[in-house]
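# Sequence first, then the predicted structure, then my questions.
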Amino acid sequence: MKNTENYSLHYWLGALLLALLCSTVAEAAVIQAELENELAVRAPHEEMAVIISMSDKVNPRLFKVRNKRQHDPEHVRALRQRAVITQAPVKRFLEGRGGKRIRELWVINGIAVKVRADAIRDLASRPGIESVRLDTLLQAPAVSQGSTAIPEWNLLAVQAPELWSLGYAGSGVVVAGMDTGVDVNHPDLASSWRGGSNSWYDPHGEHLTPFDLNGHGTQTMGIMVGGAMGGTSIGVAPGARWTAVKLFNDAGQAAYSDIHLAFQWLLDPDGDAATADAPDVVNASWYLSGTTGQCFSEFNPDMENLKAAGIALVFAAGNSGPAPLSSVSPANNLAGFSAGAVDSSLSIASFSSRGVSPCDGGIYPKMVSPGVNINTSDLSFGGLPLYAMVSGTSYAAPHAAGVMALLTGAFPAASVADIETALTQSALDLGIAGPDNSYGYGITHARAAYDRLQAATNQPPVAADDSATAAQRSSAPYPAVIINVLTNDTDPDAPANTIDPATVFLTTVPDQGGWAVANPDGTISYRPKAGFSGTETFRYKVRDTLGLASVSAAFVRVSVAAPPPSANRPPLLLDDAATAPLRTAGVAYPAVIVNVLANDSDPDAPANTINPATVFLTTTPDQGGWAVANPDGTISYRPRAGFSGLETFRYKVRDTLGLASVSAAFVRVTVTAGPIAANQPPLLADDAASAPLRTAGIPYPAVIVDVLSNDADPDAPANAIDPATVFLTTVPDHGGWAVANPDGTISYRPKAGFSGTETFRYKVRDTLGLAPDSGAFVRVPVL
């Protein structure tokens, strides 16, 4: 065995682990409950940190790829573009309201901002806002021994944590090491030894239980299945159990017969062929000296037997680089699966052996894995958490073996060939394009291999034909018919894999000139061509969550029914008359409301009726006045200032099917001479209230003062006080807080610790907008 590049660095790691905190944020109404609670106790001017989520989001399923090598930059571009378009008006609003630290969260189409409390409700009422919630500060959790730890860089490089997140960490899988032994007392390895006589083999008869005098085997096993007792995760498949062969004796030697015995034991550890106790994956971080550039097939039959039994093997590619044709045996054998080494920048290590293979002329190594400056378990000297920083293809191989263990756990029925093919065909290509004799097929990528195996066993959805009915379409507006085409479709892989509603797509257009489009919820919207009746057909397919489409396109047949014999008749309109007082320039003038529909009718009622929201003017007032149709079917009118006499305009209206009246009706308004009586301002009386003492840090509900209860308007009932126009003319004179409410009351809170009488003043307007000259006093004794 050649391992000249290995160096050890013992160091003591404290048994503290960084726990990962996961918080689930529940979807809420526009303003989250926690924010509502805070708003209740905050003064309007107080700044609050919030997160705003926009309702218009990119559907990530539309950018989902089946192969991890196929990076799709359009996903990120779509996220950024959606944020720019939808957030622009909100950002302008925030800037106008003094928002601070406005930060774009394009990944969720959200905005983080610090803004005054009195702007939040206005913010939440804006269109396009999904939610506004507190930007909560999370306290880091206390560390505790045995918690989940941050993975080392090498584990991230092979995507091991991505399979962990799917629930595959090697549980139910057994790996074996053919090496110098294993230190079973190491805290990262002790609990994962399978145990028993069929889990340890020393062909030299030196040790009855796992032992390692050298440390090399402990290091490679740590990369395969090590835990996180040192503060970071070091093993690719920490959920797997391990067995081991002490291939080399305490003097560091092994006869070829020892190696054959080791292979033999791995094939049948307990000597009972009926017992399924063989390992699933074997790591062999060794090679035969003197075989550089040669094909030495001594152990190829052993390897073929193990692979025939469903046992995967990984060999170190050798440390004879950077020279070409530097492969070694048995890694270059026909049954071998070799792993070269790369560093943290994913550049090939100078010592990593290169191909081609002299055994079959093929690519060598098969692939590469991290093998430079790898942190792993080392000899524990009785159970200490000691570690080493190591380099060599010996440490690249257990990365590949660990990923094989993860894939075996996810796909127990997969053959060795299936797993090897998935790894090589899903590897991230490095170096020159395509497989080469430095990087092989590329770096091991666990998640990409998982996706390939999943797709290989995936069956397409089965789409069944559908039928629907629709009414004949006229020239009037026509709401689309919604067809739920997925109700009778199935996925044979359910529940592991299911139909993705967002992927329904049409394979043909409607064959009679109609219109159809697939919706994100899996339904199809359809409209026939105007005037068509009969059967119209189109076809669709759908994909599953892995992107596989149904083989056959299903038919959708829509029966479009002819209309009933009686055609729709337009509404019948009668002329209207109204009166209005003279308008004086500079004086507020409430609009005259004309109920023009009171004498109109629809001959098709009750089957069809007039739609009040469709009243529209066909002419403007002929004497310079102003008129506008309201959503309730009335018309608001004002004459021009100084005009008296008769003013006329015309209108039409549609029925609920969109058909308008044939003739426009006249509206004649008689504007009477004579000025409008002069308006008098409201009369305000002083008010008094009481409030309890406020203690700092304790929520304090506002005191509500009904200031209008003793106020009056001398023009009543023709004119009255408008409660919504109460406004403060002075602030509380002892540092308290007061605000006018829409119902005409005033909310008040004293300053914390203040006692005595606090005073402020207010005014109010009448319905014509006139306010008194002097404000009334509000005096609040705080006890």
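Perfect, I can see it now.

# Name the helix or strand for the residue most central in space within the chain, please.
The centroid of the chain falls nearest to Ile108 when counting by Cα atoms, centre = their mean (6.6 Å). Taking DSSP states H and E as the definition, Ile108 sits outside all helices and strands.

# go on, the one 3 residues further on?
For Ile111, the element it lies in under DSSP H and E is strand 110-116.

# Correct me if wrong: the residue nearest to the centre of the chain contacts Asp56.
No. Ile108 is beyond contact range of Asp56, at 11.7 Å (criterion: Cβ atoms under 8 Å). To be clear about C-beta, it is placed using only N, CA and C from the backbone, and glycine gets the same treatment.

# For the residue nearest to the centre of the chain, which non-adjacent residue is closest in space?
Ser53 (6.4 Å; Cβ to Cβ, 6 or more residues apart in numbering).

# Ok, Ser125 next?
Val30 (7.8 Å).

# In contact with that neighbour, which residues?
Ala124, Ser125, Ile129, Glu130, Ser131, Val132 (Cβ atoms under 8 Å, 6 or more residues apart in numbering).

# Among these, which are located in helices?
Ala124 (DSSP state H).

# Got a quick PyMOL command for the buried subset of the contacts of Val30?
Burial among the contacts of Val30 is assessed by 16 or more other Cβ atoms under 10 Å; the matching PyMOL selection reads:
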select buried, resi 124+129+130+131+132
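
# Closest one of the contacts of Val30 to Asp202?
Ser131 (63.2 Å; Cβ to Cβ).

# quick one, phi/psi of Lys763?
phi -130, psi 170 (degrees, to the nearest 10).

# Neighbours of it, how many?
Per other Cβ atoms under 10 Å, the neighbour tally for Lys763 reads 19.

# That one and Met178, how far apart?
92 Å (Cβ to Cβ, to the nearest Å).

# Next: Pro699.
Counting by Cβ to Cβ - Pro699 and Met178 are separated by 68 Å.

# between these two, who's got more neighbours?
Met178 (25 against 9).

# Adjacent strands (with direction) for the strand or helix carrying that one?
Here Met178, judged by DSSP H and E, is contained in strand 174-179. Using DSSP bridges, the strands paired with strand 174-179 in its sheet are strand 241-246 (parallel), strand 281-284 (parallel).

# For whichever helix or strand comes after that strand, give me every contacting residue.
Downstream of strand 174-179, the first helix or strand assigned by DSSP H and E is strand 200-201. If you take Cβ under 8 Å, 6+ apart as the criterion, strand 200-201 is touched by Leu208, Thr209, Pro210, Thr243, Ala244, Val245, Lys246, Ala262, Trp265, Pro269.

# Report the secondary structure element holding Ala397.
helix 393-410.

# The helix or strand hosting Phe760 pairs with which strands?
Per DSSP H and E: Phe760 is located in strand 756-763. Paired neighbours of strand 756-763 in the sheet (DSSP bridges): strand 727-728 (antiparallel), strand 776-782 (antiparallel).

# Alpha carbons of the longest one, as PDB, please.
The C-alpha coordinates for strand 776-782 follow below in PDB (Å, rounded to 0.1, in the frame of the first residue of the first chain):
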ATOM      1  CA  ALA A 776     -62.100  72.800  22.100                       C
ATOM      2  CA  PHE A 777     -60.000  71.700  25.100                       C
ATOM      3  CA  VAL A 778     -59.700  68.000  26.200                       C
ATOM      4  CA  ARG A 779     -58.500  67.800  29.800                       C
ATOM      5  CA  VAL A 780     -57.400  64.300  31.100                       C
ATOM      6  CA  PRO A 781     -56.600  63.900  34.800                       C
ATOM      7  CA  VAL A 782     -54.100  61.000  35.100                       C
END
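
# what does the average pLDDT come to for it?
Strand 776-782 shows a mean pLDDT of 91.

# can you check stretch 694-711 too?
On average, stretch 694-711 scores 92.

# how's the chain carved up into domains?
Segmentation of the chain into domains, based on automatic domain parsing, reads 33-134, 150-456, 466-557, 576-672, 687-782.

# residue ranges with poor pLDDT in the protein?
1-29, 60-61, 63-73, 75-76, 106-107, 137-151, 496, 563-566, 674-677 (pLDDT under 70).

# how about the helices of it, start to end?
Going by DSSP H, the chain shows helices at 33-41, 74-96, 120-124, 153-157, 160-165, 216-225, 256-267, 300-308, 393-410, 416-426, 446-456.

# picking up where we left off before, mind listing what's buried along the strand holding Ile111?
Gly110, Ile111, Val113, Lys114, Val115, Arg116.

# gap between stretch 656-672 and the chain center?
53 Å (Cα atoms, centre = their mean, to the nearest Å).
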